[in-house]
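Asks: Pasting the sequence and the predicted coordinates here, then a few questions.
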There are 2 protein chains.
Amino acid sequence: MSRIVALETTDIRFPTSLSLDGSDAMNPDPDYSAAYVRIVTDADDDISGHAFVFTIGRGNDVQVAAIDTLAGHLVGREIEPLLDDMGGTWKEINGDSQLRWLGPEKGVMHMAIGAVINALWDIKAKRAGLPLWQLLAQLSPEEIVSLVDFRYLTNALTPEDALRILRDAEPGRGERTERLLAEGYPGYTTSPGWLGYSDEKLERLAREAMADGFTQIKLKVGADLEDDIRRFRKAREVCGPDFPIAIDANQRWEVSEAIEWVNALAEFHPAWIEEPTSPDDILGHAEIARGVAPIRVATGEHAQNRMIFKQLLQADAISVMQIDAARVGGVNENIANLLLAAKFDVPVCPHAGGVGLCEAVQHLSMFDFVAVSGSKEGRLIEFVDHLHEHFVIPTDIQGGNYMAPTAPGTGMEMKAESRERYTWSGAHANA
Amino acid sequence: MSRIVALETTDIRFPTSLSLDGSDAMNPDPDYSAAYVRIVTDADDDISGHAFVFTIGRGNDVQVAAIDTLAGHLVGREIEPLLDDMGGTWKEINGDSQLRWLGPEKGVMHMAIGAVINALWDIKAKRAGLPLWQLLAQLSPEEIVSLVDFRYLTNALTPEDALRILRDAEPGRGERTERLLAEGYPGYTTSPGWLGYSDEKLERLAREAMADGFTQIKLKVGADLEDDIRRFRKAREVCGPDFPIAIDANQRWEVSEAIEWVNALAEFHPAWIEEPTSPDDILGHAEIARGVAPIRVATGEHAQNRMIFKQLLQADAISVMQIDAARVGGVNENIANLLLAAKFDVPVCPHAGGVGLCEAVQHLSMFDFVAVSGSKEGRLIEFVDHLHEHFVIPTDIQGGNYMAPTAPGTGMEMKAESRERYTWSGAHANA
């Protein structure tokens, strides 16, 4: 038996606003940041659990304070009972009635819970000597179901539904694991498409993306329609008529505006329109989906919890579901999200980028492929080539595919020297 | 001209869990708390702006940290331009793209923005020498519309819709102001209905509520159906067959469970069922509304922002809308909420109780009566008789009516000695 002796937090900020990496219609000057947590035990194994909430600068300190407040749930406790029942652990922390008032299950407090849960998963995976995707994919359907909180889901997904989905996917697990280790999992790249980039940079990066083997790119849109038409046309010229090019409005539009704007870009055949309006507007997304069909609607990087995904699926509001590794209540809630997607037969194409989101979310897609949906069909993980050098196990992209990590853990551990160097001192231009 | 020189915050917690005041099916042991803010200027007028976010204990420090992070938007700035354009001020603070990532527009960060906005309104009202309701009710329809952010609302409520609603209500403003000052605004009380109370206490408090002139009471339900049937029967025996008795499940149920449970209580004719399930589940509320009709569904105290209210109304999910003074982005967003309710012709019956929520929210209902809906029909403000003694201008309840405050300000100012005495030291049983 060992005990949790510390929950250490760090306010880490990278001055990305200086280069306009990550600029879009709603986020002109992000400083990619991590409210970082490290869970330390007294075990004699050199293992600690790492995770973070991704933010874009100001307020990262608030996010750190929210993680700090969870120390009372963990420090001093034996860790094995927590790791042995991660479903119960999630329910306990997420169910703290006083903290729940601050959401419930949304925003700063919910993301903090997600980080702490993910840090526990990091310890569990490292102790098992397995990457997270493989640890999860080796659990029995019953064990996976026990990780999920079905509260508020049962009118769309019951434990029995989940068990059936997981049992249906059980036979091919071994073969799919082999395929995954050999081929990897397809990625697409957003690197060419940031609004702050010149047309020349867009064209060059689009060309490079294709040469690198990516099978889709994405352009940011929504600031100016004429600009969007010009940029989309240039991307089409570079990529040809059939190459998938998605577009992303980052919540910029009203419902009717989204329908008009997307239809004005329809001649360029967007692979999907992402975040057309408020991430809270389920009915609005459904209206947009009807108004822009057959162009598909995608969203999820700001979907606050499983209840939002449930409704987006119930309302036929999305054709592509974009989970995020650090927005919801951690691995457990994302398993619920994957099961919802499987129930409604909607492909999951995770949001990534930022700092460390690629490293983290690939495990969820790979687990999905092996043990949940059983398919890579129509599924891609977003890739943005920023800040990977700061991670102990950076993503390994080959020919446009995420190669399956084999090192133990969740992938969220940042190098100690990077953590130290980018610990925030209040000195950035925009922070 | 004067400048904002400080944004002071205080972590205030009352040990209410010791008496089980405020216990319900989801919140067994709340310590009613306030993340309190005071905005100080260098004006020579002794006026400071007070406001708070209501929480129930743990995490109040996180909420305080979120308010602190907004100091950068305000301290050092001239206050008059901010007060003269409160619509622009709201948009500026709410539109901070980096802070927006932490919600967007929900949870800890959004409530912090609400508190700061409300503290500015407190200064504006005090400088005008008017209670907030009257300050707002004296604005022209155009000025009121300028306070509202219509982003993400225009498929349900446009500025033109809002202007029409406000102009329609303009003729009777003077007469309704007189009526309000003479009669007050009807309240209902939740004091008898907390789950932690004995049947005897329930019966005694229900009797007292009727004797005091309240025209509705509310019972907490959802922990145990047999208990609920027994308690509702006792309340009916005390109150008679026709007295309105609402019930409140505090988010306890699944959708199908809500429908079954409420129908099992239908013989007692609930005036409404409040918070039957997750506050995020718009489609679930709509399903419940269809399943329990003609019993009305009410919700809103945890509705994170105007987009949720918009959808609840669009989906015919609620027949009673329950705004909260400290959950959303402040007075400005609540004006949007009042206009949405008027557009959909749904009565607003605010959530109150906690600490200071009655003092605060009454201003919004009174403004609604004078200048928006123009009606008190079917409208009641919740009243819970706790902790009013800590406020500079406590609610004045006469014959079950909230008497209109005449003192300048928003009503959110807590007495200095109470703030000092209940500043949190980490000493409470449950905190």
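Replies: In hand now; what should we look at?

Asks: does A:L7 belong to a helix or a strand, and which?
Replies: Counting by DSSP states H and E, the element that carries A:L7 is strand A:4-13.

Asks: Can you read off the backbone torsions of the residue in the stretch 101-250 of chain A that chain B sits nearest to?
Replies: Residue nearest to chain B within the stretch 101-250 of chain A: A:G107 (2.0 Å; CB to the nearest CB). In this view, the C-beta of every residue, glycine as well, is placed from N, C-alpha and C. Taking degrees, to the nearest 10, you get phi 70, psi -160 for the backbone angles of A:G107.

Asks: Whichever helix or strand comes after the strand holding A:L7 near chain B at all?
Replies: Following strand A:4-13 in sequence order, the next helix or strand is strand A:33-41 (DSSP H and E). No. Interface with chain B: strand A:33-41 contributes nothing (CB under 8 Å from any CB of the partner chain), its closest point being 8.7 Å away.

Asks: what helices or strands is strand A:33-41 leaning on?
Replies: Contacts defined by 3 or more CB pairs under 8 Å, 6 or more residues apart in numbering or on different chains; DSSP states H and E place strand A:33-41 against strand A:4-13, strand A:48-55, helix A:60-68, helix A:107-128.

Asks: name the helices or strands packed onto the helix or strand encompassing A:L219?
Replies: Assigned by DSSP H and E, A:L219 falls within strand A:217-220. On a contact count with 3+ CB pairs under 8 Å, 6+ apart, strand A:217-220 meets strand A:185-193, helix A:199-211, helix A:225-239, strand A:245-248.

Asks: Including mean pLDDT, could those go into TSV?
Replies: TSV is the format used below for those (pLDDT from 0 to 100):
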stretch	mean pLDDT
strand A:185-193	92
helix A:199-211	96
helix A:225-239	97
strand A:245-248	98
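
Asks: which one of those is the most hemmed in?
Replies: Comparing the helices and strands packed on strand A:217-220 by mean neighbour count (mean count of other CB atoms under 10 Å in any protein chain shown), strand A:245-248 ranks first with a mean of 26.

Asks: That one pairs with which strands, and in what direction?
Replies: strand A:217-220 (parallel), strand A:270-274 (parallel) (DSSP bridges).

Asks: Return the residues in contact with the residue nearest to the spatial centre of chain A.
Replies: Central residue of chain A (CA atoms, centre = their mean): A:D324, 2.0 Å from the mean position. Taking CB atoms under 8 Å, 6 or more residues apart in numbering or on different chains as the criterion, A:D324 is in contact with A:300-303, A:350-352, A:357, A:361.

Asks: Then A:T423?
Replies: Contact partners of A:T423, counting by CB under 8 Å, 6+ apart, are A:10-12.

Asks: Out of those residues, which is nearest to A:I39?
Replies: When the contacts of A:T423 are compared for distance to A:I39 (CB to CB), A:T10 wins out at 12.8 Å.

Asks: Could you check what's spatially nearest to the closest one, not counting adjacent residues?
Replies: In space, A:T10 comes closest to A:Y36 once its chain neighbours are excluded; the distance is 4.4 Å by CB to CB, 6 or more residues apart in numbering or on different chains.

Asks: With A:P241 instead?
Replies: A:H269 (7.6 Å).

Asks: Tell me the predicted confidence for that neighbour.
Replies: With respect to pLDDT, A:H269 scores 98.

Asks: Please apply the same query to A:P408.
Replies: Note on A:P408: pLDDT of 98.

Asks: I'd say it and A:K126 touch.
Replies: Yes. Counting by CB atoms under 8 Å, A:P408 touches A:K126, with 4.5 Å between them.

Asks: Now for chain A, the helix or strand with the poorest mean pLDDT.
Replies: Here the helix or strand of chain A ranked lowest by mean pLDDT, DSSP states H and E is strand A:185-193, holding a mean of 92.

Asks: Contacts for that strand next, please.
Replies: Against strand A:185-193 from outside (CB under 8 Å, 6+ apart): A:201-206, A:208-209, A:212, A:214-220, A:231, A:235, A:244, A:246, A:248, A:349, A:353, A:362, A:365-366, A:369, A:376, A:379-385, A:397, A:400-402, A:404.

Asks: Report the contact partners of the nearest residue in space to A:A6 that is not next to it in sequence.
Replies: By the measure of CB to CB, 6+ apart, the closest residue to A:A6 outside its immediate chain neighbours is A:V40, 4.2 Å from it. Counting by CB under 8 Å, 6+ apart, A:V40 touches A:4-8, A:48.

Asks: again, 6 Å this time
Replies: A:5-6, A:48 (CB atoms under 6 Å, 6 or more residues apart in numbering or on different chains).

Asks: still on that earlier bit, drop anything exposed from the contacts of strand A:185-193.
Replies: A:202-203, A:205-206, A:208-209, A:212, A:214-220, A:231, A:235, A:244, A:246, A:248, A:349, A:353, A:362, A:365-366, A:369, A:376, A:379-385, A:397, A:400-402, A:404 (16 or more other CB atoms under 10 Å in any protein chain shown).

Asks: got the residues of chain A near chain B?
Replies: Taking CB under 6 Å from any CB of the partner chain as the criterion, chain A approaches chain B at residues A:27, A:55-59, A:62, A:65-66, A:69, A:97-99, A:101-103, A:106-109, A:152, A:154-155, A:254-255, A:278, A:280-281, A:283, A:307, A:311, A:314.

Asks: Can you tell me which of these are classed as buried?
Replies: A:27, A:55-59, A:62, A:65-66, A:69, A:97-99, A:101-103, A:106-109, A:152, A:154-155, A:254-255, A:278, A:280-281, A:283, A:307, A:311, A:314.

Asks: quick one, domains of chain A?
Replies: A:4-129, A:168-417 (automatic domain parsing).

Asks: For chain A, give me the ranges with low pLDDT.
Replies: Along chain A, the model assigns pLDDT under 70 to residues A:20-22, A:427-431.

Asks: how does it look with 90?
Replies: For chain A, the stretches with pLDDT under 90 are A:16-30, A:191-197, A:425-431.

Asks: Name the nearest residue to A:N60, sequence neighbours excluded.
Replies: A:S33 (4.3 Å).

Asks: Confirm for me that that neighbour is in contact with A:F54.
Replies: No. Using CB atoms under 6 Å, A:S33 is not in contact with A:F54; the gap is 7.2 Å.

Asks: more crowded one of the two?
Replies: A:S33 (32 against 26; other CB atoms under 10 Å in any protein chain shown).

Asks: Show the contacting residues for the more buried one.
Replies: A:13, A:55, A:57, A:60.

Asks: how near is it to A:P394?
Replies: Separation of A:S33 from A:P394 (CB to CB, to the nearest Å): 18 Å.

Asks: returning to what we had before: how about a markdown table for the helices and strands packed on strand A:33-41, with distance to B:V75 added?
Replies: Shown next, in a markdown table, are the helices and strands packed on strand A:33-41 (distance: least, CB to CB, whole Å):
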| stretch | distance to B:V75 |
| --- | --- |
| strand A:4-13 | 21 |
| strand A:48-55 | 22 |
| helix A:60-68 | 16 |
| helix A:107-128 | 22 |
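
Asks: closest one to A:E420 among these?
Replies: Nearest to A:E420, of the helices and strands packed on strand A:33-41 and by CB to CB, is strand A:4-13 at 8.5 Å.

Asks: Which parts of that closest one count as buried, going by neighbours?
Replies: For strand A:4-13, a neighbour-count test (16+ other CB under 10 Å) marks A:4, A:7, A:9-13 as buried.

Asks: Pick out whichever of these sits closest to A:D227.
Replies: Distances from A:D227 to the buried residues of strand A:4-13, taken by CB to CB, are shortest for A:R13, at 29.5 Å.
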